[in-house]
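Trainee: Quick one, what's the 3D model for this:
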Amino acid sequence: MTRLLILSLAAAGLLAGCSDPTATARYPIAPAPVAKALPDKLGQAELREVSLPQYASGQEIAWQTADGALRSSPDNIWADDPPRAVTLALARQISEISGATVIAEPWPLSDGPARRIEVRVAQLMARADGVLVLEGTYYVTPADLGGGRDLVRNFALSVPIEGEDKAAPGAIAAAQSRAVAMLAERIARLD
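Mentor: Next comes the predicted model:
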């Protein structure tokens with residue numbers, strides 16, 4: 001019994017030594033603040049949580065290698081849950097650029113939203129060629145069944161990954177933040 005306890009404590013000590021919390025880097029999705037530049041075409045709108053592909057919704061930052069595979073490392077992770085972070089950043093960017101009131105679901109205000117926005121991302125990838133691609137479809141619908149028209153738009157955005165190391169997590173995070181800002185502008189313009 002004593003021998004088992006000693007072995008268990010030794011194993012726990014070895015595992016604790018392998019886990020260095022300073023080795024893990026966290027990167028935010030944080031588009032730069034913008035000034036209002038577009039007219040408000042949305043009014044009050046609720047943004048549903050953005051749907052991301054599985055490889056883009058995990059904690060680890062993924063990038064594509066020359067062989068076409070997507071790779072990641074537990075040492076480089078997103079600072080927040082990616083669908084939540086993209087949703088909040090997108091809502092903030094649309095609001096700032098257009099003056100609309102775009103809020104991530106659930107709607108917290110007493111007056112309901114006039115519209116609902118849904119974004120389905122088909123691809124959000126740091127490709128091996130040094131370009132981050134953000135592709136998918138967004139939908140804008142009236143919040144109630146009574147009025148307005150539905151809008152469906154596809155988007156395909158490309159952002160160069162800056163820096164010498166195109167697989168560097170900080171460079172990928174910066175490119176993803178720029179891509180989210182570009183998507184926010186597309187949605188605010190409704191084009």
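Trainee: can you pull the contacts of the closest residue to Gln59 other than its chain neighbours?
Mentor: Sequence neighbours aside, Ile77 is the residue nearest to Gln59 in space, at 4.5 Å (criterion: C-beta to C-beta, 6 or more residues apart in numbering). Yep, even glycine has a C-beta here, placed from its N, CA and C like the rest. Residues in contact with Ile77 (C-beta atoms under 8 Å, 6 or more residues apart in numbering) are Thr24, Ala25, Arg26, Tyr27, Gln59, Glu60, Ile61.
Trainee: what about Ile77, which SS state?
Mentor: strand (DSSP: H, G, I helix; E, B strand; the rest coil).
Trainee: can you give me the helices for the protein?
Mentor: Per DSSP state H, the chain carries helices over the ranges 2-18, 54-57, 82-98, 169-189.
Trainee: By mean pLDDT, point me to the weakest helix or strand of this structure.
Mentor: helix 2-18 (a mean of 51; mean pLDDT, DSSP states H and E).
Trainee: burial of Leu157, as a residue count?
Mentor: Using other C-beta atoms under 10 Å, Leu157 is surrounded by 18 other residues.
Trainee: That one is in contact with Val131, isn't it?
Mentor: No. Here Leu157 does not reach Val131: they are 10.1 Å apart, not a contact under C-beta atoms under 8 Å.
Trainee: what sits against Trp63?
Mentor: Contacts of Trp63 (C-beta under 8 Å, 6+ apart): Leu70, Arg71, Ser72, Met125, Ala126, Ala128, Lys166, Ala167, Ile172.
Trainee: can you list the residues you listed in TSV and add neighbour count, distance to Ala181 and pLDDT?
Mentor: Below are the contacts of Trp63 laid out as TSV (neighbours: other C-beta atoms under 10 Å; distance: C-beta to C-beta, whole Å; pLDDT from 0 to 100):
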residue	neighbour count	distance to Ala181	pLDDT
Leu70	15	24	95
Arg71	13	26	94
Ser72	15	24	93
Met125	19	18	97
Ala126	26	16	97
Ala128	16	24	96
Lys166	20	20	88
Ala167	19	22	89
Ile172	22	15	97
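Trainee: so can I have a markdown table of these showing distance to Tyr55?
Mentor: Shown next, in a markdown table, are those (distance: C-beta to C-beta, whole Å):
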| residue | distance to Tyr55 |
| --- | --- |
| Leu70 | 5 |
| Arg71 | 10 |
| Ser72 | 8 |
| Met125 | 8 |
| Ala126 | 10 |
| Ala128 | 14 |
| Lys166 | 17 |
| Ala167 | 14 |
| Ile172 | 13 |
